[in-house]
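>>> Provided below are the primary sequence and the corresponding predicted coordinates.
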Protein chains: 2
Amino acid sequence: MADPALPVPRRRRRGRPSGGATDARERILDAAVAEFEAHGYDAATIRSIAARADVDPALVHHYFGSKADLFTAVIDAPMQPARFLPEILDGDLDGAGERLVRFLLDLWEQPDFRRRGIAVMRAMMGSKRTANILVGFVSREILRRITTRLGGGDDARRRAGLVASQIVGLIVTRYVIELPPIAEATPDEVVAAVGPTLQRYLTGDLEG
Amino acid sequence: MADPALPVPRRRRRGRPSGGATDARERILDAAVAEFEAHGYDAATIRSIAARADVDPALVHHYFGSKADLFTAVIDAPMQPARFLPEILDGDLDGAGERLVRFLLDLWEQPDFRRRGIAVMRAMMGSKRTANILVGFVSREILRRITTRLGGGDDARRRAGLVASQIVGLIVTRYVIELPPIAEATPDEVVAAVGPTLQRYLTGDLEG
DNA sequence: CGCATTATTCAACGAGCAGTGAATATCTGG
DNA sequence: CCAGATATTCACTGCTCGTTGAATAATGCG
């Protein structure tokens, strides 16, 4: 059973095709998102990406350089939203848990963001090497913002970690492995169920 | 910088070595656990496993057959504990959240279990293909037991999913990616913080 | 028009992979 | 002490991978 997304490789003339606008570059990027999303960094191949984009593998290098370069192009977008975290956390801390889940769901329900986000998740979980890079980013850009908002210190740090643990679990079960009960819930149901958990981690009693 | 775990490959005579007990089989299995733990299924290679065990790659096939066979040998153990779930869930439901975290931590704090468990996690998250296999297992063997204990029905199913989301998040952050604040917490701290979350998902009010 | 730039494919390299079959050395049961 | 059985390495096959360099074709600028 062949991958249905693979087009029959058309035989093409060598050299630049006539008729201005070819979207090969965009097709390659789309294909890369799809392959990295489905197979993770290691198992996705330049050749499969090229095949999906109906293009010669060398063209991928022409536009994006190495495989690692291509991957960073794919995950550039999902790394940005961390910058919006302060807005979410500003205002009353009492509603921050719910606002945080809502914000995350809004992002991840957008297909384009989700596909790249899944690629990042797979890479983060794929191997110790790639994990270290991405965990460093998460610690610096995300955890530190939450820790700061909570006033710093060990207690704040631990609370931020707990928040991260539930967020990671939610994203992994809902979007990456698509565990049925979580993946099928409506965003409102998720917010109602998970918001209070985050709220307790942020401001509640953690001793029992 | 070479992998410190790789021994200098000794030059050896061909044929069975003298002196009875060689633990090559165990060394191979250990090496496989280590490589699958560190790199996931796809990126771990028979050759790197053989090198780590200081053994010829063909010997790996001799003992374990294909790479997939070797992997199932590695992950056989961590798949068993699901059978103990009913004991955890029996008795008063009010303490089940805490008992559940405690049970999981007891398992995962054992190095041998943890290494194999991480291998499973990496495989589960590695690609859509491997994910489906393992998600099927988790749904059947784990979620269904919780759902049943909660009396069945959609509400029970959703509660079980929420429990899974927090458990997955805890395990991923603490053991797989080792996010510092979670990875450094003591088991007791984790139980105190996460137990009530699971308890609320099991028996609490989910509407807000 | 002519020339640099850009888009695209082609052909190949070197490396690494999983797996196979045979060769060799030792051990063990009769 | 001899005949499997077992343990181990070796040499190899066929494949796929990332990457490179050159070839070819169209465009766009002066």
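Nice, I can see it.

>>> what about the helix or strand that A:Arg115 is a member of, near DNA strand D?
Secondary structure from DSSP states H and E places A:Arg115 in helix A:111-126. No: under the criterion of C-beta under 7 Å from any atom of the strand, helix A:111-126 makes no contact with DNA strand D; the nearest approach is 13.6 Å. (Each C-beta comes from the backbone N, C-alpha and C, glycine too.)

>>> now that helix and helix B:111-126, what's the angle there?
150 degrees (axes from the mean of the first three to the mean of the last three C-alpha atoms, to 10 degrees).

>>> Which strands or helices does helix A:111-126 pack on?
helix A:24-43, helix A:67-79, helix A:96-108, helix A:128-137, helix B:24-43, helix B:111-126 (3 or more C-beta pairs under 8 Å, 6 or more residues apart in numbering or on different chains; DSSP states H and E).

>>> Show me how the record splits chain A into domains.
Domains of chain A are assigned by automatic domain parsing as A:24-66, A:80-203.

>>> Mind putting these into TSV with mean pLDDT?
Putting these into TSV (pLDDT from 0 to 100) gives the following:
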stretch	mean pLDDT
domain A:24-66	97
domain A:80-203	94
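
>>> ok now do the residue in chain A that chain B sits nearest to, which residues does it touch?
Per C-beta to the nearest C-beta, A:Gly169 is where chain A lies closest to chain B, at 2.2 Å. Listed by C-beta atoms under 8 Å, 6 or more residues apart in numbering or on different chains, the contact partners of A:Gly169 are B:Ala164, B:Ser165, B:Gln166, B:Ile167, B:Val168, B:Gly169, B:Leu170, B:Val172.

>>> cool, and A:Leu93?
A:Leu93 neighbours (C-beta under 8 Å, 6+ apart): A:Arg149, A:Leu202, A:Thr203.

>>> Now intersect these with the helices, please.
A:Arg149, A:Leu202, A:Thr203 (DSSP state H).

>>> Dump these to CSV, plus distance to DNA strand D.
Shown next, in CSV, are these (distance: C-beta to the nearest atom of the strand, whole Å):
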residue, distance to DNA strand D
A:Arg149, 40
A:Leu202, 42
A:Thr203, 46
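
>>> Mind giving me the ChimeraX command for buried ones among those?
The ChimeraX selection below is limited to those of those classed as buried (16 or more other C-beta atoms under 10 Å in any protein chain shown):
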select /A:149,202
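
>>> send the alpha carbons of the helix holding A:Arg115 over as CSV?
Extracted in CSV, the C-alpha atoms of helix A:111-126 (Å, rounded to 0.1, in the frame of the first residue of the first chain):
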residue,chain,number,x,y,z
PRO,A,111,-3.9,23.1,10.9
ASP,A,112,-0.8,24.8,9.7
PHE,A,113,0.5,25.5,13.2
ARG,A,114,-0.5,22.0,14.4
ARG,A,115,1.4,20.2,11.7
ARG,A,116,4.6,22.1,12.4
GLY,A,117,4.0,21.8,16.1
ILE,A,118,3.7,18.0,15.8
ALA,A,119,7.0,18.0,13.9
VAL,A,120,8.7,19.8,16.8
MET,A,121,7.2,17.4,19.3
ARG,A,122,8.3,14.4,17.5
ALA,A,123,11.8,15.8,17.2
MET,A,124,11.8,16.7,20.9
MET,A,125,10.9,13.2,21.9
GLY,A,126,12.8,11.5,19.1
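
>>> any idea how far the residue of chain A closest to chain B is from A:Arg115?
The spacing between A:Gly169 and A:Arg115, counted by C-beta to C-beta, to the nearest Å, is 20 Å.

>>> same check, this time on A:Tyr201
A:Tyr201 is 28 Å from A:Arg115, by C-beta to C-beta.

>>> Those two: who's more crowded?
A:Tyr201 (25 against 18; other C-beta atoms under 10 Å in any protein chain shown).

>>> if we can go back for a sec, now the domains of chain A in CSV, with distance to DNA strand C?
Converted to CSV, the domains of chain A look like this (distance: least, C-beta to the nearest atom of the strand, whole Å):
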stretch, distance to DNA strand C
domain A:24-66, 3
domain A:80-203, 13
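
>>> Tally up the residues packed near A:Ile88, please.
Using other C-beta under 10 Å, A:Ile88 is surrounded by 18 other residues.

>>> what does the strand or helix carrying it contact?
Here A:Ile88 sits within helix A:85-89, counting by DSSP H and E. Here helix A:85-89 makes contact (C-beta under 8 Å, 6+ apart) with A:Ala96, A:Arg99, A:Leu100, A:Phe103, A:Ile142, A:Arg145, A:Ile146, A:Arg149.

>>> Does A:Arg174 touch A:Glu189 like I think?
No: counting by C-beta atoms under 8 Å, A:Arg174 stays clear of A:Glu189, with 11.2 Å between them.

>>> Regarding the closest residue in space to A:Arg174 that isn't next to it in sequence, what is its secondary structure?
Once flanking residues are discounted, A:Arg174 sits nearest to A:Ile182: 4.7 Å by C-beta to C-beta, 6 or more residues apart in numbering or on different chains. A:Ile182 falls in the helix class when you classify it by DSSP: H, G, I helix; E, B strand; the rest coil.
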